[in-house]
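K.L.:
Here's a sequence, model it:
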Amino acid sequence: GCGPGQNGGCSSESGVRGPGSGIRGPVFRHGSRREGGLDFATMATKSAATVAGYLRSLDPERRRILSAVRKVVNDNLPEGYAEGITYGVIAWSIPLSTFPDTYNGQPLCCAALAANKNYNSLHLMGAAYNSKEKAFLREQFEKHRKRFDMGQGCLRFKTLDDLPLDAIGEVIQRTPAKAL
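P.N.:
Predicted structure coming up:
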């Protein structure tokens, strides 16, 4: 899956974002479409069809930050995944042409990257479903003296300095497509 979970995910306090809420960016609603055991809804305010379009829609500083995290993911991505827009955010998933028999007809995601109103988020399915990977990330954040702000599989960050990018690359490397 590519999105936040109901318990500790990247949803707003009320669990609902959308038109009129004053919150721009990805919209996550409890009880929305499920992907890989996690709830995830389509975005209401951004409608980019391509990664380039998504990045162009951001202010220059956000674009710089998300582009750098995107490079780390792409540089460490195992074979079998494709980058694209899934559920309105940048996502790395197994193409349906390769693995069409998903329970909901949506691609299975390894990671997703989004710009939210007050923070950015990186959804790491390897850490969401593997307690050893999540523990590894926690240890790496502590080692680098960084604040570990992660829900079920959603790392929340504001700047590049908030992330140990090498550790994120390791988690991505250790999430082969066959594991999903």
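K.L.:
I'd like the average pLDDT over the longest strand belonging to the chain.
P.N.:
The longest strand of the chain (DSSP state E) is strand 108-115. Per-region confidence: strand 108-115 scores 95 on mean pLDDT.
K.L.:
any residues touching the lengthiest helix in the chain, and which ones?
P.N.:
Identified as the longest helix of the chain according to DSSP state H is helix 60-76. Residues outside helix 60-76 that contact it (Cβ atoms under 8 Å, 6 or more residues apart in numbering): 51, 55-56, 58, 83, 90, 92, 111, 113, 115, 120, 122, 159-160, 163, 165, 168-170, 172-173. C-betas here are computed from N, CA, C, even on glycine.
K.L.:
Tell me the first helix or strand C-terminal of the helix or strand of the chain with the lowest mean pLDDT.
P.N.:
The helix or strand of the chain with the poorest confidence is strand 38-39; it has a mean of 33 (mean pLDDT, DSSP states H and E). Going down the chain from strand 38-39, the next helix or strand is helix 51-56, by DSSP states H and E.
K.L.:
list the helices and strands that following helix packs on?
P.N.:
Applying 3 or more Cβ pairs under 8 Å, 6 or more residues apart in numbering; DSSP states H and E, we find helix 51-56 packed against helix 60-76, strand 82-86, strand 89-94.
K.L.:
Could you pull out the buried residues of that helix?
P.N.:
Val51, Tyr54, Leu55 (16 or more other Cβ atoms under 10 Å).
K.L.:
ok so, going back, and of the helices and strands packed on helix 51-56, who's closest to Leu137?
P.N.:
helix 60-76 (13.4 Å; Cβ to Cβ).
K.L.:
next one: that closest one to chain centre, how far?
P.N.:
Mean-position distance between helix 60-76 and its chain equals 12 Å (Cα atoms, centre = their mean, to the nearest Å).
K.L.:
what comes up buried for that helix?
P.N.:
Arg62, Arg63, Ile65, Leu66, Val69, Arg70, Val72, Val73, Asn76.
K.L.:
picking that back up, specify the angle between the longest helix of the chain and strand 108-115 in degrees.
P.N.:
160 degrees (axes from the mean of the first three to the mean of the last three Cα atoms, to 10 degrees).
K.L.:
Output helix 60-76 as CSV, nothing but the C-alphas.
P.N.:
The C-alpha trace of helix 60-76 is given here as CSV (Å, rounded to 0.1, in the frame of the first residue of the first chain):
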residue,chain,number,x,y,z
PRO,A,60,10.7,25.9,-5.0
GLU,A,61,11.9,24.9,-1.5
ARG,A,62,9.4,22.0,-1.3
ARG,A,63,10.4,21.0,-4.8
ARG,A,64,14.1,20.9,-3.8
ILE,A,65,13.3,18.8,-0.7
LEU,A,66,11.1,16.3,-2.4
SER,A,67,13.4,16.0,-5.4
ALA,A,68,16.3,15.1,-3.1
VAL,A,69,14.3,12.4,-1.3
ARG,A,70,13.0,11.2,-4.6
LYS,A,71,16.6,10.8,-5.9
VAL,A,72,17.4,8.7,-2.8
VAL,A,73,14.4,6.4,-3.5
ASN,A,74,15.2,6.1,-7.2
ASP,A,75,18.9,5.5,-6.6
ASN,A,76,18.1,2.6,-4.2
